[in-house]
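**Student:** sequence-free structure coming up:
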């Protein structure tokens, strides 16, 4: 009779086993998401961790020359600061290679409003502003608007915090 009981389906145990498996899967997924978030915000230059592209493949020189956020082309690429940068044409590529410190987004593409608060949040290449002949990327339209109200105040605070923050970011 004991053998018969071992073969009896026990719904309570099956139910617990199901939820334990689901919890294990959820924790694995959560760990992956957390490491992905960490990977996307632990670079000195904001880079798409899947493609290796800086600023999502947008041409950093086009912000200056065309006054627009324009996607670069695969045939016009350059490597700088551990990232792949794309450009609309060879002229933009050559300008960037000669002066990456001028054409590249300041603070590695992190939002200066968040840096001023001591936090690293990747800027979005669609929310940008050229101020003082430098390119800044913002996480949201609201942070760009707040920055535009008093860029010098924000830049003082972000510039003060950047060296300490930059040291904590991976190379």
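**Tutor:** Now that the structure is in, tell me what you want to look at. All values derive from a computational prediction rather than experimental measurement. Numbers count the residues shown, from 1 in each chain.

**Student:** can you list the domains in the protein?
**Tutor:** Domain ranges of the chain: 44-103, 105-171, per automatic domain parsing.

**Student:** from residue 76, how far off is residue 93?
**Tutor:** 5 Å (CB to CB, to the nearest Å). From N, CA and C alone the C-beta is placed, and that goes for glycine too.

**Student:** sorry, back to before: would TSV of the domains of the chain with mean neighbour count and mean pLDDT be doable?
**Tutor:** Listed next are the domains of the chain as TSV, based on neighbours: other CB atoms under 10 Å; pLDDT from 0 to 100:
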stretch	mean neighbour count	mean pLDDT
domain 44-103	18	95
domain 105-171	17	94
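
**Student:** now do the shared contacts for residue 93 and residue 76.
**Tutor:** Shared contacts of residue 93 and residue 76, defined by CB atoms under 8 Å, 6 or more residues apart in numbering, comprise residue 87.

**Student:** grab the nearest non-local neighbour of the residue nearest the centre of the chain.
**Tutor:** Centrality entry for the chain: nearest residue to the mean C-alpha point is residue 122, 4.0 Å, by CA atoms, centre = their mean. Leaving aside its chain neighbours, residue 122 sits nearest to residue 46 (4.4 Å; criterion: CB to CB, 6 or more residues apart in numbering).

**Student:** and residue 87, what are its bridge partners?
**Tutor:** Judged by DSSP bridges, the bridge partners of residue 87 are residue 73.

**Student:** my guess is it meets residue 74, correct?
**Tutor:** No - contact criterion CB atoms under 8 Å: residue 87 and residue 74 do not qualify, at 10.2 Å.

**Student:** any chance you could map the strands in this structure?
**Tutor:** 73-80, 83-87, 124-131, 134-138 (DSSP state E).

**Student:** just to revisit the earlier point, next up, the contacts around the residue nearest to residue 122.
**Tutor:** Here residue 46 is in contact with 40, 54-55, 105, 108-110, 122-123, 137 (CB under 8 Å, 6+ apart).

**Student:** measure it to residue 120 for me?
**Tutor:** Distance from residue 46 to residue 120, by CB to CB: 9 Å.
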